[in-house]
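A.B. asks: sharing a sequence plus its predicted fold:
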Amino acid sequence: MKRFIAIVAASAAVCFAAVYAAAQTPPAPAANADPYANNAQAGTLQFPLAAPTGKDSGAAKKPLAGGVNTAPVDPATWKYGPQNQVPGGAKIWNPVKLKMMQGGKVTGGTLFAANDPAVYCTLADSGYDFIWTEMQHSSRDWDAVARMWRTCPHAKAVPGVRLAYTDEREIQHATDAGALVVVVPTVDTVQEAIAARDWAFFPPLGRRSQGGGQAFDPAVWGNVPGGYRATINDNLVLIVMIETIEGAKNAAEIAKVPGIAAVFAASGDLGNFSGFAQGTPDYERLINVVHDAAINAGKRLCGPIAWRDRPDFTCFQGGSELAAITKGAAAELGALANTQPKMDVGPYASTRP
């Protein structure tokens with residue numbers, strides 16, 4: 001932390017200029033000019049299993065020879081193929097997921113205002129487990145997020161994000177850009193929790209579309225053991241936030257939704273929505289409701305970094321990059337901090353204590 005202010009505030013431009021000036025979008029795989037290259041038998045013009053011209057093939061009820069699924073097409077009975085692995089069989093390459101599985105305490109540093117890859121990468125190498133890139137209360141766009149993440153995809157802290165809301169577009173923008181931790185705010189119902197799970201995970205666990213994105217690039221996660229598509233369901237960490245009275249009411253069922261790794265007791269908004277301050281019996285009751293929901297469902301329990309010694313809390317949101325700069329400067333300067341002279345004249349005379 002002491003080094004953070006020195007690198008970011010004093011010498012980021014010098015230390016990182018060469019690295020980040022050269023950092024661009026990883027090159028996409030070379031396009032194949034053959035228009036038939038994506039066929040099952042690449043390069044061929046034949047489709048031996050295609051429906052006959054102008055005829056109803058009856059495929060909805062009748063299987064093709066050699067097919068695994070012999071019953072009518074129905075998602076309730078469909079037997080998934082080897083491309084869709086059931087979660088639990090892949091190697092874990094996300095250190096946040098592994099740390100959670102081991103019962104360790106996970107920390108996330110908040111990137112609130114900055115869009116500069118140099119600031120993001122410095123924060124990502126400052127000691128946190130993941131970076132909570134803020135998209136709920138920030139005006140940044142996904143291009144800026146993707147640019148920061150691809151600049152140092154393998155920094156010590158993995159890329160994470162708090163989204164604006166439970167939404168297919170938002171969640172898939174995050175995962176396609178390479179997020180390994182997805183935090184969804186203001187989850188009030190089981191249906192919202194299921195929707196968050198569905199858009200975050202590939203089938204058979206969810207409904208994420210395979211739309212590509214830099215997450216698939218070899219410079220990001222494309223070269224992970226087993227391949228990104230086949231292993232990300234086991235490696236993605238999905239955290240849902242309980243922030244309202246309705247959310248607290250439904251917390252026990254929300255926490256049970258498969259795919260959710262952790263439940264976050266939103267310290268600020270539970271006070272905002274309940275009308276009670278932290279430390280009062282009614283506020284603490286709501287926190288304990290979220291606590292009980294997570295513990296009974298066997299999920300991790302998250303909260304602010306100030307609660308790192310609170311019983312059963314094992315994942316935490318740290319301060320913003322702005323707070324890190326302030327605290328880092330104070331730590332580095334020690335007794336020299338805030339020792340500016342008092343001015344009798346000029347603009348600093350009236351603005352400085």
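C.D. replies: That came in fine, so what should we check first?
A.B. asks: low-confidence stretches in the stretch 51-200 of the chain?
C.D. replies: 85-87 (pLDDT under 70).
A.B. asks: for this protein, longest helix please?
C.D. replies: Ranked by residue count under DSSP state H, the longest helix found in the chain is helix 281-297.
A.B. asks: quick check: buried residues in it?
C.D. replies: Going by neighbour count (16 or more other Cβ atoms under 10 Å), the buried part of helix 281-297 is 283, 286-287, 289-291, 293-294, 297. Heads up, the C-betas are built off the backbone N, CA and C, glycines and all.
A.B. asks: so which other helices or strands are in contact with that helix?
C.D. replies: helix 245-249, helix 251-255, strand 260-265, helix 267-274, strand 300-304 (3 or more Cβ pairs under 8 Å, 6 or more residues apart in numbering; DSSP states H and E).
A.B. asks: average model confidence for it?
C.D. replies: The average pLDDT for helix 281-297 rounds to 97.
A.B. asks: what helix or strand is the closest residue to Glu168 other than its chain neighbours on?
C.D. replies: Nearest residue to Glu168, sequence neighbours excluded (Cβ to Cβ, 6 or more residues apart in numbering): Trp199, at 4.7 Å. When elements are assigned from DSSP states H and E, Trp199 belongs to helix 190-200.
A.B. asks: and if you look at Thr70?
C.D. replies: Judged by DSSP H and E, Thr70 forms part of no helix or strand.
A.B. asks: list the contacts of it.
C.D. replies: Counting by Cβ atoms under 8 Å, 6 or more residues apart in numbering, Thr70 makes contact with Pro63.
A.B. asks: circling back: among the helices and strands packed on helix 281-297, which is nearest Gly328?
C.D. replies: strand 300-304 (19.3 Å; Cβ to Cβ).
A.B. asks: any idea of the angle that closest one forms with helix 267-274?
C.D. replies: 90 degrees (axes from the mean of the first three to the mean of the last three Cα atoms, to 10 degrees).
A.B. asks: show residues contacting strand 300-304.
C.D. replies: With Cβ under 8 Å, 6+ apart as the criterion, strand 300-304 contacts 100, 106, 239, 261-265, 267, 287, 290-291, 294-295, 310, 312-317.
A.B. asks: run a quick neighbour tally on the nearest residue to Thr186 once chain neighbours are set aside.
C.D. replies: Once flanking residues are discounted, Thr186 sits nearest to Glu243: 4.9 Å by Cβ to Cβ, 6+ apart. Counted with other Cβ atoms under 10 Å, the neighbours of Glu243 add up to 25.
A.B. asks: and the one 3 residues further on, by the same measure?
C.D. replies: For Glu246, the tally of surrounding residues (other Cβ under 10 Å) stands at 14.
A.B. asks: could you do Leu111 as well?
C.D. replies: 29.
A.B. asks: if I look at it, how far off is Leu336?
C.D. replies: For Leu111, the distance to Leu336 (Cβ to Cβ, to the nearest Å) stands at 28 Å.
A.B. asks: next, count neighbours for Phe264.
C.D. replies: 26.
A.B. asks: hang on, it packs against Val182?
C.D. replies: No: judged on Cβ atoms under 8 Å, Phe264 makes no contact with Val182 at a distance of 11.7 Å.
A.B. asks: what touches both of those two?
C.D. replies: Contacts common to Phe264 and Val182, judged by Cβ under 8 Å, 6+ apart, are Ile239.
A.B. asks: for Gln210, state which of the buried residues of helix 281-297 is nearest.
C.D. replies: Proximity of the buried residues of helix 281-297 to Gln210 (Cβ to Cβ) peaks at Ala297, which lies at 29.2 Å.
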